[in-house]
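Enquirer: Fold the stuff below for me.
(2 chains)
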Amino acid sequence: MLEVRDISVAYGAIKALHGVSLSVAKGEIVTLIGCNGAGKSTTLRAISGLVRPGSGDILYEGRTLRGVAPHEIVRLGLAHSPEGRGVFPNMTVSENLDLGAYARKRSEHAQIREDREKALDLFPRLRERLKQSAGTLSGGEQQMLAMARALLARPRLLLLDEPSLGLAPQIVQLIFRIIREINAAGTTILLVEQNAHMALQVANRAYVLEVGRVVMSGDAKELARTDEVRKAYLGHG
Amino acid sequence: MNTSAAQLRERSRALAPGVGLSLARGVAPLVACLVLAVALQIAVRPLMGDYAAKLVLDIGVAVILAVSLTIVNGFTGQFSMGHAGFLAVGGYASGAVTYYGSLKVWGSAATHGGLLSGRPMSVDPSTLPLIGSGDLLFVGALLVGGLTAAALGLIVGLPSLRLRGDYLAIVTLGFGEIVRVCIQQTGPVIRTAAEAAQVPAWKLATSVGGALGFTGIPKYTSLFWVWLIAGITIMVAYRLKRSTYGRAFLSIREDEIASEAMGVNTTRYKVWAFVISAFFAGIAGGLFAHTLGVGLSAEAAGFLKSFDIIIMVVLGGLGSVSGAALAAMVVTLLPEWLRGKHVGPVDLSQYRLVIYALALILMMIFRPKGLLGVAELWDRSLWTSLAARLKRLAGGKGGSR
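Expert: This is a model prediction of the structure:
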């Protein structure tokens, strides 16, 4: 479904990615793990077009995303729930959700309302807070909103950037359970996480990034058993 | 997550709005606005003195300017500092159309307006039709002014809206100054129909008075035209804010990257906001140019005028249409109210700008989002939060928060 081929990205003089390649098949949950500055978020931003790779290519359902503007990429069925959640703080929860469906056609109105109800069923907390400003939500609720909003674009591929960032362990459990549910309902997911423990549990496959390079990849459960990953990312001496 | 698909469809269908209702909502305010504007001109204007009428008219023009700037500075959060440039361009373009149009059609620049437009004192109102032939020329001229400003908005917006924050402010500031200097370079106004007939049309467009100002424009602007257009501007801005486009505008202001990730073409929407805003500023310029007692000069494009409009928008609340309109009223009335007020030997009206600056500083300290924030006067949430605040103030004196 998605194939990233040897992309390099630089912010000014600083190179963030040195030739990263990865692939995501339809129906999978794939996770990118690694520490701060490894280039996980940059990889997602390159896929959704928010940064331009200097070299390499990104293929989505067989067509290249090079030179395709971010707002067009969303229309191809690829939604990005950005790091730090990126909700619109002064807008209500309801308005935030409306913006999630922004890229969809007017004629899909009935379908959008249905998806909205579905998303609210997935996150009942949001339904209670529809008229509340998104900025007044708790961190966990904001994360839920960011995910619900991304779902309203009806993506075939959902990019999730650090959904567990700064959340209480209980909420993290909940968020990961919902990630599984979204996947079970037919959405392919590319998940970036620092919480390697949780990420490896839900994912089918995983890539380990270190300073802008893929250093390991494979089945998530098997990777979780390797010594390198256990030591560096799971905290087992 | 254990509802059936049929139930889900049922529930979501119940949430759909009716078609008839939304149509009525669109047309009714327009009709109401037209009726009110006619009533203002026919019934209320004769009861007012000339001074009061001029103030109400100035407020109307200020409302159009402030509300139009709200679309850029308030909705999309881009800081434009050259709004007066669009005002001046619209004023000069529409002024040229009515002035030279009148010369061509009637041989002089006298007004040919009806009951609803401005007219010299000497004309007996009972002889006039409701709408005169000159009014059509005037409306056409206003549209030309608006479209010229909008076209300029597009030309300026396309390259400059790729810039952010301070850089955009500097570019738009420069734009206003460029307009001002360009107007100063224009040739003298051609005074007779015979002379105007010999000059090619493009030359007429540049014969708008230069540094001396553009005098002789027929004075069509009346309370009717100003408040009709002010009403339309408010309506358009408010409907825009509540529309899909408006939500895109506001999302750009909230978080440009997230907005882009939602599929909003941010550059396109910023340019659109700029163009719409320039259009209404151009029309306001047209109204301004045709106002009795106004000498249209290059200073209309100056920084001070832009700053006046920015103050209205910031005071009213960035993103609030009714807030901008309210602040436009206050900022227009303030210098009038200060006129003749003395503190010792100091004439307060000369300290208008000092008072503005002070008001802005106080606003930034005590209420950084402006008078109304993004809310509108008719939003219930605004009043409930205000009531809660007052209650806390009344009950919580000396108590803990």
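Enquirer: CA atoms for contacts and neighbours, from now on please.
Expert: OK.
Enquirer: Go through stretch B:350-361 and flag the buried ones.
Expert: B:352, B:356, B:360 (16 or more other Cα atoms under 10 Å in any protein chain shown).
Enquirer: Of those, just say which sits nearest to chain A.
Expert: Taking Cα to the nearest Cα as the measure, chain A lies nearest residue B:360 of these, at 21.8 Å.
Enquirer: Write out the residues of the stretch 151-300 of chain B neighbouring chain A.
Expert: Where the stretch 151-300 of chain B comes near chain A, counting by Cα under 8 Å from any Cα of the partner chain, the residues are B:244, B:247-248, B:251, B:254-255, B:257-258, B:260-265.
Enquirer: Now render those as TSV, adding secondary structure.
Expert: TSV is the format used below for these (DSSP: H, G, I helix; E, B strand; the rest coil):
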residue	secondary structure
B:244	helix
B:247	helix
B:248	helix
B:251	helix
B:254	helix
B:255	coil
B:257	helix
B:258	helix
B:260	helix
B:261	helix
B:262	coil
B:263	coil
B:264	coil
B:265	coil
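Enquirer: Mark which of those residues are buried, thanks.
Expert: By neighbour count, with 16+ other Cα under 10 Å, these hold B:247-248, B:251, B:254-255, B:257-258, B:260-265 as buried.
Enquirer: May I ask which helix or strand of chain A has the lowest mean pLDDT?
Expert: Lowest by mean pLDDT, DSSP states H and E among the helices and strands of chain A is helix A:227-232, with a mean of 82.
Enquirer: Mind checking what helix or strand follows the longest helix that chain A contains in sequence?
Expert: Counting by DSSP state H, the longest helix found in chain A is helix A:169-184. The helix or strand immediately downstream of helix A:169-184 is strand A:188-193, counting by DSSP states H and E.
Enquirer: circling back: quick check: the farthest pair among the residues of the stretch 151-300 of chain B next to chain A?
Expert: Greatest spatial distance in these: B:244 and B:257, 18.0 Å, computed using Cα to Cα.
Enquirer: What residue in chain B comes nearest to chain A?
Expert: Residue nearest to chain A within chain B: residue B:263 (3.7 Å; Cα to the nearest Cα).
Enquirer: Now that residue. Nearest residue, chain neighbours left out?
Expert: Spatial nearest neighbour of residue B:263, excluding adjacent residues (Cα to Cα, 6 or more residues apart in numbering or on different chains): residue A:71 at 3.7 Å.
Enquirer: All the strands of the chain, residue numbers only.
Expert: If you meant another chain, say so; for now it's chain A. A:2-11, A:14-24, A:29-33, A:55-60, A:63-64, A:78-81, A:157-161, A:188-193, A:205-210, A:213-219 (DSSP state E).
Enquirer: was after chain B, sorry
Expert: Per DSSP E, chain B carries strands over the ranges B:342-343, B:346-347.
Enquirer: Number of residues surrounding residue B:245?
Expert: 17 (other Cα atoms under 10 Å in any protein chain shown).
Enquirer: With pLDDT and distance to residue A:139 as new columns, can the residues of the stretch 151-300 of chain B next to chain A be given to me in TSV?
Expert: Listed next are these as TSV, based on pLDDT from 0 to 100; distance: Cα to Cα, whole Å:
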residue	pLDDT	distance to residue A:139
B:244	84	27
B:247	88	23
B:248	90	24
B:251	91	20
B:254	88	17
B:255	87	17
B:257	84	19
B:258	86	17
B:260	86	22
B:261	85	20
B:262	86	20
B:263	86	24
B:264	89	25
B:265	90	28
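Enquirer: and of those residues, the nearest to residue A:136?
Expert: Nearest to residue A:136 among those: residue B:254, at 14.3 Å, using Cα to Cα.
Enquirer: so what's the residue nearest to that closest one when sequence neighbours are not counted up against?
Expert: Leaving aside its chain neighbours, residue B:254 sits nearest to residue A:88 (5.4 Å; criterion: Cα to Cα, 6+ apart). If a contact means Cα atoms under 8 Å, 6 or more residues apart in numbering or on different chains, then residue A:88 has A:96, A:134, A:135, B:251, B:254, B:255, B:258 as its contacts.
Enquirer: Make CSV out of the buried residues of stretch B:350-361 and add pLDDT and distance to residue B:150.
Expert: Shown next, in CSV, are the buried residues of stretch B:350-361 (pLDDT from 0 to 100; distance: Cα to Cα, whole Å):
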residue, pLDDT, distance to residue B:150
B:352, 75, 31
B:356, 79, 29
B:360, 81, 29
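Enquirer: okay, now the residue of chain A found nearest chain B: neighbour count?
Expert: Closest to chain B within chain A is residue A:71: 3.7 Å, counting by Cα to the nearest Cα. Neighbours of residue A:71 under the rule other Cα under 10 Å: 22.
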